[in-house]
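[1] Generate coordinates for the sequence data below:
(one chain, ligands or ions: 1)
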Amino acid sequence: MSKRYPPPARFADQASTNASQLQSAHERVANDSEGHWLELAKRLDWAHPPTRAKDVSFHRDDFHIRWYEDGALNVSVNCLDRHLATQPDKTAIIFEPDDPNRPARRISYRELHAEVCQMANALTALGVVKGDRVTLYLPMIPEAAVVMLACARLGAIHSVVFGGFSPDALAGRIADCESKLVITADGGFRGGKVIPLKANVDEALSRPGTETVQTVVVLKHAGNTIAWQDRDRWYHDVVAGQPDTHMAAPMQAEDPLFILYTSGSTGKPKGVLHTTGGYLVWASYTHDLLFDLKPNDVYWCTADVGWVTGHSYVVYGPLANGATTLMFEGVPSYPDISRFWQVVDRHGVTLFYTAPTAIRALMREGDAPVLKTSRQSLRLLGTVGEPINPEAWEWYYRVVGDSRCPIIDTWWQTETGAALISPVPGAVDAKPGSATLPLPGVFPALVDAQGAILDGATDGNLVLLDSWPGQMRTVYGDPQRFIDTYFSTYPGRYFTGDGARRDADGYYWITGRVDDVINVSGHRIGTAEVESALVGHPAVAEAAVVGAPHDIKGQGIYAYVTLKSGIEPNEALRKQLVAQVRHDIGPIASPDWLQWAPGLPKTRSGKIMRRILRKIAEDAPDQLGDTSTLADPTVVSSLVTERLNRA
Ligand code: WTA
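    Numbering: from 1, shown residues only. Next up is the predicted model:
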């Protein structure tokens with residue numbers, strides 16, 4: 001029996017949603033789901049309120065996902081203009097720079113609105129119109145939010161690319177959505193180092209397929225030297241003289257809001273497309289419900305805006321709710337390992353949301369760096385991105401939160417827009433390591449390999465039986481791939497790609513990906529992408545990549561590489577191969593282990609048996625399972641011997 005943690009009494013006493021209120025919401029969905037969804041939409045300001053909520057079919061012959069379709073609204077107006085009447089001087093964004101000796105910035109709703117309007121006018125002057133794609137390649141700074149909201153104001157579709165992705169990865173994402181404009185900075189800071197963002201953009205735009213980009217807007221931020229191209233314009237020049245007001249046109253609820261690229265099990269990253277009305281309803285509702293948001297909260301989500309968590313829970317959810325959201329450019333270990341808690345104390349952070357990998361890395365350094373800070377302002381903690389091991393959960397609860405703050409373990413995906421399975425903090429008992437129960441209106445199920453729904457306490461593959469407003473609508477430019485990827489394994493159901501266990505209380509325990517996606521420090525890396533980078537090297541004949549347990553990262557990347565005949569493995573070549581992956585994708589995809597493989601285990605029909613490779617990487621050679629279909633069983637014994645000999 002795992003331990004249960006009821007909401008701490010002091011928290012529960014003031015929580016906005018208690019168990020019986022949560023129960024009523026579930027009942028409302030059961031009795032009148034359309035009424036429930038329309039009610040939820042009222043949290044936003046609509047230019048034309050929707051009269052219908054859900055119009056969805058997951059069936060192949062009549063596939064469509066539409067929410068609030070006859071409604072019209074502007075996301076940027078919901079995040080900014082509507083707060084000007086009630087709280088213009090409230091801080092919208094607190095910016096904490098990488099270097100703690102530089103001043104922090106506080107930007108009020110009024111100021112943020114003015115900056116966004118100027119940028120919207122500047123984008124218009126640069127020829128950006130509704131439906132155009134704009135790529136952002138920026139550090140974790142307020143201007144990232146400004147540009148996102150300016151795009152939303154115009155109905156331009158933003159695609160934010162994480163600043164840690166390489167020029168090649170950036171080029172692929174620009175080419176796929178045919179961006180007209182790229183916004184970047186000269187450089188960004190991370191742990192005292194400068195990341196050469198503008199140079200990466202220059203390199204990306206030298207790749208074929210990126211010719212659609214007409215303009216690059218460059219923010220002066222790190223002050224590093226950069227090259228200048230004809231297409232480049234300074235950010236401060238394009239906004240200079242632009243009016244700080246802007247009339248935003250309402251968008252249709254199903255107009256696209258953004259594209260965010262994410263790795264899948266096959267092929268190149270997919271452009272996950274989210275739309276306007278349903279996405280904002282779900283991001284703002286879940287942000288309010290799960291963080292028990294109060295007017296005076298100082299909310300800090302440590303995710304980068306390059307990931308979906310940064311979209312929904314740094315920018316859109318909090319700003320739609322009129323909250324104060326903190327953006328931190330740096331890393332948890334700079335200048336020292338107490339940095340997170342110093343930032344909490346400096347700004348009086350009340351709600352703190354981070355990834356298990358960060359918690360594990362900090363836990364390894366012991367309690368002292370945490371205990372020397374106050375953290376008295378904190379009242380709730382959250383995690384996202386990967387399963388949290390119970391030891392890390394307990395440490396987070398006891399040491400960081402002084403056993404005073406509930407922890408919300410929020411399960412969701414880029415595709416789901418915002419959280420689907422999570423404790424509601426004042427209403428649901430936590431169990432360390434479990435994302436607990438679905439939110440009202442979310443219908444998960446566990447199925448077996450054939451798709452049969454499993455009842456009661458069981459293991460299975462996690463599917464969603466019905467839609468929710470924040471669901472992705474399509475893969476940008478490839479609607480068939482959307483259906484094939486998510487709705488064909490179990491026809492008529494959305495397949496998450498995750499495995500899970502459900503206990504006797506109905507609690508969900510996400511066990512991790514069951515497809516060929518590796519979750520490295522909460523970042524999704526497709527094995528196919530890493531393999532394709534490795535075989536791109538002239539010395540490599542074949543490569544197979546799997547995930548293996550990693551103490552800090554959760555999962556690490558384990559690569560098996562077969563060299564072309566006549567080429568001898570050596571240390572220099574190993575380094576070159578790792579560099580090749582960093583070059584093609586970025587440092588986050590660097591293999592943690594690279595084993596030379598004289599051959600790879602294959603079936604007689606030539607299919608690589610990844611199950612076996614995974615077991616070898618996990619150092620569990622006694623659990624290889626059925627090996628009778630192997631074309632050449634000696635391949636496996638040689639790989640096992642080499643694995644065991646690894647220092
Ligand atoms: C994993 C991040 C366990 C899961 C929001 C999912 C989690 C993938 C949790 C999506 C959690 C996310 N517990 N696993 N609380 N949250 N995951 O698209 O495997 O970057 O499918 O979205 O992260 O990653 P993505």
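[2] CA atoms for contacts and neighbours, from now on please.
    Fine.
[3] For stretch 161-177, buried residues please.
    Using 16 or more other C-alpha atoms under 10 Å as the test for burial, stretch 161-177 gives 161-177.
[4] who in the chain is up against the ligand?
    309, 384-387, 409-414, 435, 498, 510, 512-513, 523-524 (C-alpha under 6 Å from any ligand atom).
[5] thinking again about what came up before, can you tell me which of the buried residues of stretch 161-177 are in helices?
    167-177 (DSSP state H).
[6] May I see those organised as CSV, with distance to residue 470 and pLDDT added?
    Compiled in CSV, these are given as follows (distance: C-alpha to C-alpha, whole Å; pLDDT from 0 to 100):
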residue, distance to residue 470, pLDDT
167, 30, 97
168, 30, 96
169, 26, 96
170, 26, 97
171, 28, 98
172, 26, 97
173, 23, 97
174, 24, 98
175, 26, 98
176, 23, 98
177, 21, 98
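[7] what two of the residues you listed have the greatest distance between them?
    Using C-alpha to C-alpha, these span at most 15.8 Å, a distance reached by 167 and 177.
[8] between the ones in helices among the buried residues of stretch 161-177, which is closest to residue 199?
    residue 167 (8.6 Å).
[9] Excluding chain neighbours, what is closest to the closest one?
    Closest residue to residue 167 apart from its sequence neighbours, by C-alpha to C-alpha, 6 or more residues apart in numbering: residue 204 at 4.5 Å.
[10] list the contacts for the one you found?
    If you count contacts by C-alpha atoms under 8 Å, 6 or more residues apart in numbering, residue 204 has them with 167-168, 170-171, 210.
[11] Next, count neighbours for the residue of the stretch 151-300 of the chain found nearest the ligand.
    The stretch 151-300 of the chain approaches the ligand most closely through residue 262 (6.7 Å), counting by C-alpha to the nearest ligand atom. Residue 262 has 19 neighbouring residues, counting by other C-alpha atoms under 10 Å.
[12] Kindly report the same for residue 401.
    22.
[13] just checking, it touches residue 378?
    Yes. If you go by C-alpha atoms under 8 Å, residue 401 and residue 378 touch, sitting 7.0 Å apart.
[14] could you measure the residue of the stretch 151-300 of the chain closest to the ligand against residue 519, distance?
    Going from residue 262 to residue 519 by C-alpha to C-alpha, to the nearest Å gives 12 Å.
[15] cool, residue 401 as well?
    Counting by C-alpha to C-alpha - residue 401 and residue 519 are separated by 26 Å.
[16] Please name the residues that touch residue 43.
    Applying C-alpha under 8 Å, 6+ apart, the residues near residue 43 are 281, 285.
[17] Can you check what pLDDT the model gives it?
    Reading off the confidence values, residue 43 has pLDDT 98.
[18] same check, this time on residue 384
    98.
[19] Who does it form a beta bridge with?
    residue 410 (DSSP bridges).
[20] do the same with residue 446
    residue 454, residue 462.
[21] how close does it sit to the ligand?
    Distance of residue 446 to the ligand, given as C-alpha to the nearest ligand atom, to the nearest Å: 14 Å.
[22] Can you verify my assumption that that residue contacts residue 456?
    No. With contacts defined as C-alpha under 8 Å, residue 446 does not count as touching residue 456, sitting 9.5 Å away.
[23] what about the two, which has more around it?
    For residue 446 and residue 456, the more surrounded residue by other C-alpha under 10 Å is residue 446, and the numbers stand at 25 against 12.
[24] Tell me who's in contact with that one.
    453-455, 458-463, 500.
[25] now do 7 Å
    Taking C-alpha atoms under 7 Å, 6 or more residues apart in numbering, we find residue 446 in contact with 453-454, 460-463.
[26] can you check residue 260 too?
    159-160, 271-273.
[27] Adding secondary structure and pLDDT, write those out as a markdown table.
    Below are the contacts of residue 260 laid out as a markdown table (DSSP: H, G, I helix; E, B strand; the rest coil; pLDDT from 0 to 100):
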| residue | secondary structure | pLDDT |
| --- | --- | --- |
| 159 | strand | 98 |
| 160 | strand | 98 |
| 271 | strand | 98 |
| 272 | strand | 98 |
| 273 | strand | 98 |
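[28] May I ask which of the residues you listed has the most neighbours?
    residue 160 (29 neighbours).
[29] That one and residue 75: what is the separation?
    To residue 75, residue 160 is 17 Å away according to C-alpha to C-alpha.
[30] any idea whether residue 92 is helix, strand or coil?
    When classified by DSSP: H, G, I helix; E, B strand; the rest coil, residue 92 comes out as strand.
[31] What's the separation between it and residue 84?
    Note on residue 92: its distance to residue 84, by C-alpha to C-alpha, is 11 Å.
[32] Pull up the overlap in contacts between the two.
    residue 109.
[33] higher neighbour count, the two?
    residue 92 (28 against 18).
[34] Isn't that one up against residue 325?
    Yes. Residue 92 is in contact with residue 325 according to C-alpha atoms under 7 Å; the separation is 6.1 Å.
[35] quick one on the thing from earlier: among the contacts of residue 446, which one is most surrounded by other residues?
    Using other C-alpha under 10 Å as the neighbour test, these are led by residue 462, with 26 neighbours.
[36] three-state assignment of residue 547?
    Assignment for residue 547 (three-state DSSP): strand.
[37] Now do the domain split for the protein, please.
    9-434+448-501, 521-642 (the TED database).
[38] measure the last one end to end?
    Using C-alpha to C-alpha, the gap from the first to the last residue of domain 521-642 comes to 27 Å.
[39] Packing partners of the lengthiest helix in the chain?
    Under DSSP H, the helix in the chain containing the largest number of residues is helix 109-125. Packing partners of helix 109-125 (3 or more C-alpha pairs under 7 Å, 6 or more residues apart in numbering; DSSP states H and E): helix 142-154, helix 235-239.
[40] Give the buried residues for that helix.
    Going by 16+ other C-alpha under 10 Å, helix 109-125 has these buried residues: 109-124.
[41] likewise stretch 567-581?
    Buried, per 16+ other C-alpha under 10 Å, within stretch 567-581: 569, 574, 577-581.
[42] Please list the residues outside that stretch that contact it.
    530, 533-534, 539, 589-591.
[43] Just give me the closest of the residues you listed to the ligand.
    For the contacts of stretch 567-581, the nearest to the ligand is residue 589 (13.9 Å; C-alpha to the nearest ligand atom).
[44] Tell me how many other residues surround that closest one.
    24.
[45] quick one: average pLDDT of stretch 542-553?
    94.
[46] One more: stretch 640-647?
    The model assigns stretch 640-647 a mean pLDDT of 72.
[47] swap in stretch 8-19?
    Mean predicted confidence for stretch 8-19 is 97.
[48] Please compute how far it lies from its chain's middle.
    28 Å (C-alpha atoms, centre = their mean, to the nearest Å).
[49] Between its first and last residues, how far does that stretch reach?
    Stretch 8-19: ends 14 Å apart by C-alpha to C-alpha.
[50] repeat for stretch 268-287
    Stretch 268-287: ends 31 Å apart by C-alpha to C-alpha.
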